[in-house]
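S.K.: I need the structure of the sequence given here:
(one chain, ligands or ions: 2)
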Amino acid sequence: MTTSFTDIPHPEQAFHQTEKIARRIKYESELDPKFGDKIATMAYGEKLFACIQCGTCSATCPLSHYMDYTPRKIIAMVRSGFRDEVLNSATIWLCASCYSCSVECPKGIKITDVMYALKREAMINNIIPKHIPTPVLAKEFFHQILAHGRNNEVQLITRFYLLTKPWKMLKKARIGFKLWRVGRLSFFEKGVKYKKLLHQYLTSVEQREEAH
Ligand code: SF4
Ligand code: SF4
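M.R.: Ligands and ions are numbered 1, 2, ... in the order given. Below is the predicted model:
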């Protein structure tokens with residue numbers, strides 16, 4: 001194959017192309033050496049460091065094909081201190097908490113709990129990947145429980161769409177109406193008896209998590 005003169009980029013264009021090349025390696029000094037210990041403590045995961053990288057968790061995970069990092073990689077990255085990559089990954093939000101990986105892991109590592117710990121850590125640090133709406137749903141759900149002690153689907157879904165993709169709400173309105181007609185959705189707010197007590201309890205847990 002021959003290269004014609006027109007194939008050679010202009011120096012300015014070449015410079016911009018070079019600028020776009022992202023550095024994919026990390027220096028040790030850029031890692032967070034305490035991250036693994038922190039997540040291990042949050043996820044009852046003292047066994048986290050016993051991972052043999054066999055990949056059983058990734059093989060058994062029904063969603064690993066859609067994840068940016070497989071569960072095996074997530075465990076390796078957590079242990080090595082790749083905090084930013086892990087907390088910004090789609091994987092932690094795609095995990096459906098099916099527990100399949102935790103059941104199959106030969107080292108008894110509670111991978112699902114690790115995923116939960118990572119979600120909590122991401123939310124505490126306000127790390128919400130733009131293309132993943134799940135954290136918005138999780139946050140709104142928590143606020144509903146905090147305020148009323150119970151979830152109201154209409155309020156939850158309305159706020160979720162308003163904060164993510166408002167135009168999609170029109171598409172879903174028909175389904176919502178059908179569900180309301182058969183009594184599966186209610187516009188009325190239903191609280192629990194000891195709302196204040198629950199609020200105090202959840203707030204203290206949240207403060208404790210943030211302090212760690
Ligand atoms: S199944 Fe367990 S030991 Fe194997 S890679 Fe996954 S976490 Fe590590
Ligand atoms: S709990 Fe999450 S990571 Fe584990 S197999 Fe299920 S979806 Fe995959």
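
S.K.: Please report how far Thr60 lies from ligand 2.
M.R.: 6 Å (Cβ to the nearest ligand atom, to the nearest Å). Backbone N, C-alpha and C define where each C-beta goes, glycine included.

S.K.: Please list all residues in contact with the residue nearest the centre of the chain.
M.R.: The C-alpha lying nearest the average C-alpha coordinate of the chain belongs to Trp93 (Cα atoms, centre = their mean; 2.9 Å). Residues in contact with Trp93 (Cβ atoms under 8 Å, 6 or more residues apart in numbering) are Lys119, Pro129, Ile132, Thr134, Pro135.

S.K.: any idea how far it is from Gly36?
M.R.: In this view, Trp93 and Gly36 are 20 Å apart by Cβ to Cβ, to the nearest Å.

S.K.: what's the answer for Ala50, then?
M.R.: 12 Å.

S.K.: more neighbours, those two?
M.R.: Taking other Cβ atoms under 10 Å, Ala50 and Gly36 do not tie; Gly36 has more neighbours (22 against 12).

S.K.: Quick check: closest non-adjacent residue to that one.
M.R.: Arg79 (4.4 Å; Cβ to Cβ, 6 or more residues apart in numbering).

S.K.: Also Ser100?
M.R.: Using Cβ to Cβ, 6+ apart, the nearest residue to Ser100 is Thr60, at 4.7 Å.

S.K.: OK, contacts around the one you found?
M.R.: Ser100, Cys101, Val103, Glu104.

S.K.: The residues you listed into a markdown table, with extra columns for distance to ligand 1?
M.R.: A markdown table is the format used below for the contacts of Thr60 (distance: Cβ to the nearest ligand atom, whole Å):
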| residue | distance to ligand 1 |
| --- | --- |
| Ser100 | 10 |
| Cys101 | 6 |
| Val103 | 10 |
| Glu104 | 6 |
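
S.K.: Selecting buried members of those in ChimeraX, what would you type?
M.R.: A single ChimeraX command suffices to select whichever of those are buried according to 16 or more other Cβ atoms under 10 Å:
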select :100,101
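
S.K.: Which of the helices or strands spans the residue nearest to Lys110 when sequence neighbours are not counted?
M.R.: Nearest residue to Lys110, sequence neighbours excluded (Cβ to Cβ, 6+ apart): Ser102, at 5.2 Å. In this assignment (DSSP states H and E), Ser102 forms part of helix 100-104.
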